[in-house]
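Participant: I'll drop the sequence and a predicted model, then ask my questions.
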Amino acid sequence: MAITEIELKKEKKILKKVAELLDTTLEEFGASVYEGEENLVEFKRMMWENASSFDDAENSQVMMATDREEEKFLEKQRYFRRLQKIQGKPYFASIVFKDQDGSIFNIYMSLTYLKDDHENNILYDWRSPICSLFYDYETGPCSYTAPGGVYEGVLKRKRQYKIENNELLGVFDNSLNINDEVLQTVLASESSDKMKNVVNTIQQEQNKVIRNLEDDNIIVQGIAGSGKTTVALHRIAFLLYRLKNLNSNNILIFSPNPIFTEYISDVLPSLGEANPFQTTFSDYLETFITEYDRVESFPDFIARYYSYQEMFPELVEYKQSDKIIDDLDAYLSDYVSKASFTSSFQEGEKHMILEDEINTYLHEKYDRLPLFERVDEIAKKLCSFYYKGSMKKVKTFGKLLYEHSNFKKDYKKIMTDFFLSEYCRIHLDEKVVKGFMSREELAYEDALIFAYIKGTLEGFLYEANIQQVVIDEAQDYNRLQYIIIQHIFQKADFTLLGDIHQNINPYYQYHSLEDLKSLFRGNTSYLELLKTYRSSPEIIEYTNKILNLHHVNAIRHETNKPVCIRKGVEDLAHSLLEDIETLQKKYKSVAVITKDLKEATHLYELLKDHVHISLIDMHTKGFYKECIIIPAYLSKGLEFDSVIVYNNRDNSYRKNERNLLYVACTRCQQELYIYN
C-alpha cells in the first residue's frame, strides 16, 4: 500500500539524515581502521623485539594480548566493510512497535547496525531480536524474545523501501508478509548468475528456521523453490551474529556439487559475513581415503545409474542400504574380537615382550579405542616402559607388534574379506569383488563402506573446530553417511535441508526426513517449508502432476504462460534454436536440461556453432546463466528464468526416474518448454 505525500516527505528527510550519518561514520571509521592496522603492526613488532626478555608465563600473556588486539582490529575491520555494503542503500524496512508501557519504537532495519554520536541506534541489524517482528507478525499484538526475556506489545506499522544511491524510489506499507508488492517485485525480477540475499523478503515460515536457537539440530523439509538454501545461508549469518565465539571458520557447508558451491558464494559476503568452509562429501572421502588415487563423485555415481552403465544394480542397492551397516558392524566386531598378538617377541638384546601382556593391553587396557589406535598406544606404552619415556622406538615397536599379530592395516583386504564372508548378504564371486576393489578410482558406494571400515578400525578425521554443519540436499545422503558425519563432527550442531521429492539417489529413499531425527544428539526439530517462491502457478500445476502432489502453495503471480510441450519434432536443431531465440528475447537466462551428460554433450555439439551456449559438467567452476546445457542431476538448487527440458525417445524418463524429471522442471521460474 502506497503512503501519503506527507509521510513520503518525512521518509525522504530520514533517508537524507541517515545517509549523511553513514557517510560521516565511514569517513571516521576508515581513518580509524587504517590507524588501527598501523598500531597493530607496531604492537606486534614491539612484542617480537622484546620476546627474548620474557619468561614462559610472560610470553603466554604477550601472545594472548596480541590475539586480543588482533581480534579487536579484525572486528572493527569487519564492521567497516558491512557499513560500506549499505552505503547508497542504508536500510530496507522499518517497523513501529509500541511496548506495554506505551513507549513507541521506530526501528529501521539494515544489514548492520549504525549508532549516532550519543550511541543511540539509528539502524538495527536485521538479525537483532526486535527485528523478528517484521518477519513474524502482521500488524497487531506481537512479542519477541531477547536475552532479557519476552517483550510484548503492538506492531503498529510495517514498511518496506526501495532505495538506490540514497534515492527513495518506493515506499510500501504492508500488513502481511506474503503477496506484498516488494515480494512480487523481487519474484518478477530476472534470475542472476549467483544467488542473492533476501533479507527484505524473508517469510514467516523461513524466519522460524533462520532464528531457531532452541534446538541443537534442525531438519527442514522444503518443497522445490521454497528457499531452503537461502534460508540455510541466512541462518548461518544469524548464528554468526547471535552465538558468542562462533566465526565462519567454525562452520562447514556440505554442498551437492562444486557448481552449486560457486552459485551460493556471494550470499554471505553480501550480508557482511565471510564464507565458511564448503565441500562435498566426495571431497571429504577423497581426503580420508588415501589408499586410492581418486574417489568417484556423487554426480558421477548418479550418472552411472541414469545412463544405464551399472552392471550390478542390486549389489549397489545393497551397498547403499541400511542393512549393510548391521552387516559391517557384525563383521568388524568379529574381526576385532579375533585380533590378537600370536607370539612373544624380543626388541633389541634385553627386552622380551610377552604375548599375554600385550594381548591384555589390546583387549582390556585399550579396548575403548579403535583397533589400530590400540596398537599405537601399546607401542608408546612399551617405549615409555623400556626407554624411560623416550618415544624414539615407537615405530620399531609398532612394526614388531604387527609382525607378531594375526591382523594387518590393509583396508583393501579387510573390505574384500567382508564381501566374501558370511556377513555379506549377497553371495559374490571373488572375481566380482576383486573387480570393484582393484580400480584406480574407488566407486562412490564403495568409498562410503571403505571410509566406514577405516574410520571404525583407526578412527575418523575428528574435526573439533567445527561447531555448525549445514547439509544441503539432505535427502541424497544415506544413513551410513550420517553415521560417518556424526563421528567426524562430534561437537557440532546440524542444519539439514532437503526435499524427499527431489531425491535423485535411486538406491536409497526416505519416507520422511523426520526419520533422520534419531541419528542426532541433543534436541532435534523437524520443520517444513510449504510455499514455493520460484515457479509460476502454471509450472507448479504441471510439476505437481509428475509426482502426484497436491500440497504445493505457489506465491509467484500467474504469468498466463502455459507449459509448452514439443512432440514429434522433425528438425531438432532448428526447433531448439528457434525456442532458445524466443526465450532469450524475453529472459536473461535459458537452460536446456537433459537427462544425462551424454545427451547434454550431443545437444551442445548440435547447437554450439549457432548460438552462444555453455556445457556444464562436474568440472565446471564459474558459469554465466544466459544460455547453458546441463544434466538434470547437476541442476539441483539452481534456478533459471526459462527452461527447456529435453529427452529423446530412446532415453526417456522411466517411471522410477520421475524425481529426476521433477528436479529438471522445477528449476524454471517463468516459462517452461518440454521436449518429449
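Facilitator: Now that the structure is in, tell me what you want to look at.

Participant: Residue ranges in the chain under the pLDDT threshold?
Facilitator: Scanning the chain for pLDDT under 70 picks out the ranges 1, 33-70, 175-193, 551, 556, 621-622.

Participant: Count the residues that sit near residue 81.
Facilitator: For residue 81, the count of nearby residues is 15 (other CB atoms under 10 Å). C-beta coordinates here come from the backbone N, C-alpha and C atoms, glycine included.

Participant: what's the nearest residue to it if we skip its chain neighbours?
Facilitator: Among residues not flanking residue 81 along the chain, residue 272 sits closest, at 6.5 Å (CB to CB, 6 or more residues apart in numbering).

Participant: Same question for residue 492.
Facilitator: Spatial nearest neighbour of residue 492, chain neighbours left out: residue 469 (4.7 Å); criterion: CB to CB, 6+ apart.

Participant: How about the contacts made by the one you found?
Facilitator: The contact partners of residue 469, by CB atoms under 8 Å, 6 or more residues apart in numbering, come to 251, 252, 253, 254, 485, 489, 492, 493, 494, 495.

Participant: Is the first one in contact with residue 470, as I believe?
Facilitator: I take that to be residue 251. Yes. Using CB atoms under 8 Å, residue 251 makes contact with residue 470 at a distance of 7.1 Å.

Participant: got any residues that touch both of the two?
Facilitator: residue 236.

Participant: about what we covered before: so what's the residue nearest to residue 81 up against?
Facilitator: Counting by CB under 8 Å, 6+ apart, residue 272 makes contact with 78, 81, 82, 85, 111, 112, 237.

Participant: Likewise for residue 661?
Facilitator: 546, 632, 645, 653.

Participant: Dump the contacts of residue 469 into a markdown table; add neighbour count as well.
Facilitator: Output for the contacts of residue 469, formatted as a markdown table (neighbours: other CB atoms under 10 Å):
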| residue | neighbour count |
| --- | --- |
| 251 | 25 |
| 252 | 22 |
| 253 | 24 |
| 254 | 22 |
| 485 | 22 |
| 489 | 20 |
| 492 | 23 |
| 493 | 21 |
| 494 | 24 |
| 495 | 25 |
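
Participant: follow-up on the earlier one: pull out the buried members of the contacts of residue 272.
Facilitator: 82, 111, 112, 237 (16 or more other CB atoms under 10 Å).

Participant: of all these, which comes closest to residue 333?
Facilitator: residue 237 (43.9 Å; CB to CB).

Participant: Would you mind measuring from the closest one to residue 601?
Facilitator: 39 Å (CB to CB, to the nearest Å).

Participant: do the same with residue 440
Facilitator: The gap separating residue 440 from residue 601 is 24 Å, by CB to CB.

Participant: ok, the two, which is more surrounded?
Facilitator: Neighbours of residue 440 and residue 601, each counted by other CB under 10 Å, are more numerous for residue 601; the result is 15 against 7.

Participant: element containing the more buried one, please.
Facilitator: Using DSSP states H and E, residue 601 sits within helix 597-607.

Participant: quick revisit: list just the nearest of the contacts of residue 469 to residue 308.
Facilitator: Ranked by distance to residue 308 (CB to CB), the contacts of residue 469 are led by residue 254 at 28.2 Å.

Participant: so that closest one bridges to which residues?
Facilitator: For residue 254, the beta-bridge partners are residue 279, residue 471 (DSSP bridges).

Participant: OK, contacts around it?
Facilitator: Neighbour list for residue 254: 279, 280, 281, 469, 470, 471, 472, 485 [criterion: CB under 8 Å, 6+ apart].

Participant: give the contact list for the fifth one.
Facilitator: In other words, residue 470. So, once contact is read as CB under 8 Å, 6+ apart, residue 470 ends up touching 232, 235, 236, 251, 252, 253, 254, 494, 495, 496, 497.

Participant: ok, 10 Å please
Facilitator: 218, 229, 232-233, 235-236, 239, 251-255, 276, 278, 492-497 (CB atoms under 10 Å, 6 or more residues apart in numbering).

Participant: what about residue 124, is that helix, strand or coil?
Facilitator: Under DSSP: H, G, I helix; E, B strand; the rest coil, residue 124 falls in the strand class.
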